Every structure is written in structure tokens, then in C-alpha cells.
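1. build me a model from this:
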Amino acid sequence: MRLLVTFLFGAVFGAAGGVALGFFLFPYVFPPPPAAEELRSVQADKRAEGTFIHANPSDPIHYGSGGVSVYSDTVFLHEDFEVGPGPKYHVYLVPRANIRSSSDLSDAMYVDLGQLRAFKGSQNYAIPAGLNLDDYPSVVIWCEQFSVLISPADLRFDTSS
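-> Residues are numbered from 1 along each chain as shown. Prediction:
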């Protein structure tokens, strides 16, 4: 009887651990294909641009790179955009410059533009109407599931317009 209970206990916890590990490893083993969205329309109203960085070089899992452009109604992640895979990544506009750690967002009133659709490639995210973009000097990729900064981009605003 004791052997049967030990076997069932091991089977249940082994299966649960395997499923949990599978959910964690899935995006690494089977990453989605790169995105290849075009800019929604010919945009002549570029307001700012920036580059995603690896904010914490000692963290090999949470990284990002590539360009981002901000237009009056769209955030466009360039073709060279890439982040390390993970769950529930979102694109935020943040009213603070020089975001370098998760704690930098603790009290910021960011604007969530939606869930990241791919870990690589060009993507569009709509900006809510009436938002004053001058108040948002950063675009950030954020993991909502674990409240972790993945990659920030400091924006350089076009002052010629």
C-alpha cells in the first residue's frame, strides 16, 4: 500500500512539474516566427526614435535590441527588433527617461499598447488618441507575468517639426 501511495504521489507531482516546466520552456523550444508587419501607412509625422538595449548585461535571459519609431498614432518596432523569448511581454510608453531596472517602473503611470506579438521583427502598436507623446520619453518591453523589465528604449524626439 505504501509503495502505491508513493508511486501516485510521485506521478502527480512529476506530471505537475513537467507541465510547469513545459510552459516555461515552450517559447524557447518553439518560438513563434518573426513578425514582418509594414508600417500601417506612409507616415510623414515621425515624432521620435530610439534603440532597445540590454539594460542588465549580467542577465542573459532578459535582453532586447533593434530600433523603434514613434509616430503620432503608432509605435513601430523595426525589422531588426529582437527580445529574448518569454511569457506575457507588453509594449509600454513610459513617462520617465533612462529606464534601466524593473524598480524604475514601480510608480510610473505607463500606457500599455498591448501584448508583444512576436519576439523578432517589425510590428505596429496603436497609440491612444489624445496622448501627448512629449510626456513619454521611453518605450519599454515588460514581462507582466513576472514584473520584469525586458528591454527599454530611450526616445530622441524630432525637434524639427
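2. mind giving me the domain ranges of this structure?
-> Domain assignment for the chain, taken from automatic domain parsing, gives 1-30, 35-157.
3. let me have the ones you listed in JSON lines, adding mean pLDDT and mean neighbour count as columns.
-> From N, CA and C alone the C-beta is placed, and that goes for glycine too. Shown next, in JSON lines, are those (pLDDT from 0 to 100; neighbours: other C-beta atoms under 10 Å):
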{"stretch": "domain 1-30", "mean pLDDT": "70", "mean neighbour count": "10"}
{"stretch": "domain 35-157", "mean pLDDT": "92", "mean neighbour count": "17"}
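4. quickly list what the residue sitting nearest the centre point of the chain is bridged to.
-> Central residue of the chain (C-alpha atoms, centre = their mean): residue 141, 2.8 Å from the mean position. Residue 141 has these beta-bridge partners by DSSP bridges: residue 91, residue 151.
5. so who does it touch?
-> 52, 64, 83, 89, 90, 91, 92, 116, 149, 150, 151, 152 (C-beta atoms under 8 Å, 6 or more residues apart in numbering).
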